[in-house]
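Visitor: my questions concern the predicted model and sequence given below.
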Amino acid sequence: MIRLHTVQEKDRGLLWNINQKYLYEMTNFYDDPMDQNGNYQYGHFDDYFSDPSRVAYFILNDDVLIGFAMLCPYSNIDQNPDYTMAEFTIFPAYRRKHMALDAVRMLLDKHPGKWEIKYNEKNVGAKKLWNAVVAPYEPKVHHLNEEETVLAFTVRNETELNIELQDTEWPFEYTDHDRIIARAICFDDEGFLYFVRAERDDDFGEATLIETSGGGVEEGENLLSAIKRELKEELGVEVDVVCKIGVISDYYNLIHRHNLNNYFLCRIESFGDKNLTKDEVEDFHLSTLKMTYGEAVDEYEKRRETKLGRLIANRELPVLRKAREIISKEVK
């Protein structure tokens, strides 16, 4: 059975070694020389361990390593993709067994969004693979030159939530700004879910709340980078983003704001120190909640006693139910 394993810092040496073998194979199509140490240069290798917008996977057949993939968000055609297949290979011994097809489809399902895949026309196997896999997405074909072609396409996830909610707690006057937000349902290997508790006393009133961890997407930041940053700051965790759950549009009429909440399902890989802001510590008294699914539902219902608590529960309970469904059916 084909499965993907996210490359971690401890796997750096292994990824470097197998990438070197892949780069050697690519000299059949590119004139890349070795350096004085017998290595092929790979300028962005370290970025896969520091840049949240880049991710690498080991591809396994059961427990046997059979290949790897490296994804980044940078364009070959001056577009703005969510993902570019920077590198992908199945080791020679495992080719022509449909493993590459299965692995690529798994990667695309895991990362819906705007994609680019580049191949060399002389690489007949890669050309055949990529055109076969992406045909259902009706790609646009871009010829960079006589030898290189880029396929640009969009992978849509029809199962994602897409919900629009209104603020029925405060009267609507006008909206003067949108806020793009990244949020996550986080879970650990034991099945516990992680949230934040906030204690507020501000224009929204006095309230103790449960909420998913997350926050505003900063200028120049993509959603994946934003959610990984927010989770590290608020929960102190490093995560593997399993999938996007969906988008919930809602309003805070009191402050004339429209919220676009992008929700992700994330598996916790490790715990570390939080990096809370002064406001989160002194004004919101932000703390971590570790709960079962049932406990979380009960807590959201309990917090409906306030106006803001009702708005948050209306927004997040559908996401929580969807997350439970995905975890039970798809996450191993």
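Guide: Here it is on my side, so go on.
Visitor: please make it C-alpha for all contacts and neighbour counts, starting now.
Guide: Fine.
Visitor: all strands of the stretch 51-200 of the chain, in order?
Guide: Counting by DSSP state E, counting those that start in this stretch, the segments of the stretch 51-200 of the chain that form strands are 55-61, 64-72, 83-90, 113-120, 140-143, 148-155, 161-164, 177-187, 193-202.
Visitor: tell me which of the ones you listed lies nearest to residue 4.
Guide: strand 55-61 (5.0 Å; Cα to Cα).
Visitor: the closest one packs against which elements?
Guide: Here strand 55-61 is seen to pack against strand 2-6, strand 64-72 when contacts are counted using 3 or more Cα pairs under 8 Å, 6 or more residues apart in numbering; DSSP states H and E.
Visitor: so which of the ones you listed is the most packed in?
Guide: Among the helices and strands packed on strand 55-61, strand 64-72 has the highest mean neighbour count (mean count of other Cα atoms under 10 Å), at a mean of 21.
Visitor: quick one: it to chain centroid distance?
Guide: Between the centre of strand 64-72 and the centre of its chain there are 17 Å (Cα atoms, centre = their mean, to the nearest Å).
Visitor: partner strands of it, parallel or antiparallel?
Guide: Using DSSP bridges, strand 64-72 pairs in its sheet with strand 55-61 (antiparallel), strand 83-90 (antiparallel).
Visitor: turn the ones you listed into JSON lines, columns for mean neighbour count.
Guide: Shown next, in JSON lines, are the strands paired with strand 64-72 (neighbours: other Cα atoms under 10 Å):
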{"stretch": "strand 55-61", "mean neighbour count": "21"}
{"stretch": "strand 83-90", "mean neighbour count": "20"}
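Visitor: mind putting these into a markdown table with mean pLDDT?
Guide: Output for these, formatted as a markdown table (pLDDT from 0 to 100):
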| stretch | mean pLDDT |
| --- | --- |
| strand 55-61 | 96 |
| strand 83-90 | 96 |
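Visitor: so for residue 253, which of those sits nearest?
Guide: So among the strands paired with strand 64-72, strand 83-90 is nearest, using Cα to Cα, at 35.1 Å.
Visitor: got the angle between the closest one and strand 113-120?
Guide: Here strand 83-90 runs at an angle of 50 degrees relative to strand 113-120 (axes from the mean of the first three to the mean of the last three Cα atoms, to 10 degrees).
Visitor: which residues are in contact with strand 83-90?
Guide: For strand 83-90, contacts defined as Cα atoms under 8 Å, 6 or more residues apart in numbering pick out 22, 59, 66-75, 99-100, 111, 113-118.
Visitor: tell me who's in contact with residue 315.
Guide: Per Cα under 8 Å, 6+ apart, neighbours of residue 315: 165, 248, 250.
Visitor: what's the distance between it and residue 321?
Guide: Separation of residue 315 from residue 321 (Cα to Cα, to the nearest Å) stands at 11 Å.
Visitor: report the buried residues of the longest helix along the chain.
Guide: Longest helix of the chain, by residue count under DSSP state H: helix 307-329. By neighbour count on 16 or more other Cα atoms under 10 Å, the buried set for helix 307-329 is 307-316, 319-320, 322-324.
Visitor: same check, this time on stretch 17-32
Guide: 19-20, 22-24.
Visitor: right, and residue 312 touches residue 212 too?
Guide: No. Counting by Cα atoms under 8 Å, residue 312 sits too far from residue 212 to count as a contact (9.4 Å).
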